[in-house]
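Undergrad: Got a sequence here, can you build the structure:
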Amino acid sequence: MLLTSLDDATAQPAGAAPTGVWGGAPIGNIMTDTQRAAIKEKIHAELKRIETDIAALEEITRPDKGDEDEATRMSNIVSKSVHDTALAAARTRLAGLEYALKRIDGPEFGFCIDCGEEIPQARLLAMPEAARCIHCAR
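TA: The predicted model follows:
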């Protein structure tokens, strides 16, 4: 097939079901209701798990005012740093999952926000908050 413009690169063969993008906007809703429901279920389960993790990490990272020797104090500083990093990552993932839950019923969900191509179902099940295809995420 000879491409006559950049838009031709996203064109579908005659008779094919509409997929991907056309002019930068997602077309077609490739994801089935069953697939969408499975991803919603995964998001809800992950939200519950992460909220529990955040509560535990917040408890761990609370300052301890007990009497400690210097070695214990240094160990606690290192542990707090590790837990603070894990807490920040959990909060970031929580925000991503909440955003995915808001977008999941929209026509743009499941399409890469950079290139507009469909994000594979397996990627969305593994990382429901993924807004980019693997190629664009690299």
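Undergrad: can you give me the strands in this structure?
TA: Applying DSSP state E to the chain gives strands spanning 21-22, 25-26.
Undergrad: Can you pull out the low-pLDDT segments for this structure?
TA: 1-29, 64-68 (pLDDT under 70).
Undergrad: how deep is R62 tucked in, by neighbour count?
TA: Using other Cβ atoms under 10 Å, R62 has 9 other residues around it. Any C-beta I mention is one placed from the backbone N, CA and C, and that applies to glycine too.
Undergrad: any idea how far I119 is from it?
TA: To I119, R62 is 38 Å away according to Cβ to Cβ, to the nearest Å.
Undergrad: I104 now?
TA: Taken as Cβ to Cβ, the span from I104 to I119 is 12 Å.
Undergrad: What of L94?
TA: Computed as Cβ to Cβ, the L94 to I119 distance reads 20 Å.
Undergrad: quick one: which of these two has more around it?
TA: I119 (21 against 17).
Undergrad: pretty sure that one contacts H135?
TA: No: applying Cβ atoms under 8 Å as the test, I119 and H135 come out as separate, 10.2 Å apart.
Undergrad: Which stretches in the chain count as helices?
TA: In the chain, helices defined by DSSP state H lie at 33-60, 70-103, 121-126, 134-137, listed in chain order.
Undergrad: Which positions in the longest one come out as buried?
TA: Right, the one you point to is helix 70-103. Neighbour-count burial for helix 70-103 flags K80, H83, A86, L87, A90, R93, L94, G96, L97, A100, L101 (criterion: 16 or more other Cβ atoms under 10 Å).
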